[in-house]
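[1] only geometry, no sequence info:
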């Protein structure tokens, strides 16, 4: 892969990670704020927490991939 392509991949994964992290925060806040006039449902809470966990795991994966591409870019610059 050329230098420019690796740079774009690193930037894309970092953006994906920030978007996934922001969505997971909104989902978590939505779970904490009680719904008006509705009884809290245990199943709904489990689904919201599961979805939040999946988004956090995906954000972590994207951050790791971004770091991998950053290291690859640094190695190409040193060579």
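    It's in. Owing to the predicted nature of the structure, the values given are computational and were not obtained by experimental measurement.

[2] Next, the buried residues of the biggest helix by length in the chain.
    Using DSSP state H to assign secondary structure, the helix with the most residues in the chain is helix 42-78. Neighbour-count burial for helix 42-78 flags 48, 52, 55-56, 58-59, 62-63, 65-66, 69-70, 73 (criterion: 16 or more other Cβ atoms under 10 Å). Using the backbone N, CA and C atoms, a C-beta is placed for each residue, glycine as well.

[3] and the two most separated of these?
    Greatest spacing in the buried residues of helix 42-78, by Cβ to Cβ: 48 and 73 (37.2 Å).

[4] before we move on, the earlier item: the longest helix of the chain - contacts with which helices or strands?
    helix 3-32 (3 or more Cβ pairs under 8 Å, 6 or more residues apart in numbering; DSSP states H and E).

[5] for the helix it packs on, the distance to its chain's centre please.
    4 Å (Cα atoms, centre = their mean, to the nearest Å).

[6] just the angle between it and helix 42-78, please?
    160 degrees (axes from the mean of the first three to the mean of the last three Cα atoms, to 10 degrees).

[7] What strand or helix carries residue 37?
    Here residue 37 sits in a region with no helix or strand, counting by DSSP states H and E.

[8] Tell me the spacing between the residue nearest in space to the middle of the chain and residue 47.
    Central residue of the chain (Cα atoms, centre = their mean): residue 59, 2.1 Å from the mean position. Distance from residue 59 to residue 47, counting by Cβ to Cβ, to the nearest Å: 19 Å.

[9] Also residue 26?
    For residue 26 relative to residue 47 (Cβ to Cβ), the value is 15 Å.

[10] Next: residue 19.
    The value you get for residue 19 to residue 47, if Cβ to Cβ is used, is 21 Å.

[11] In contact with residue 49: list those residues for me.
    Residue 49 is in contact with residue 31, counting by Cβ atoms under 8 Å, 6 or more residues apart in numbering.

[12] who touches residue 10 in this structure?
    Taking Cβ under 8 Å, 6+ apart as the test, what residue 10 contacts is 66, 69-70, 73.

[13] could I get these as TSV with distance to residue 8 and pLDDT?
    Shown next, in TSV, are these (distance: Cβ to Cβ, whole Å; pLDDT from 0 to 100):
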residue	distance to residue 8	pLDDT
66	11	97
69	9	95
70	12	95
73	10	92
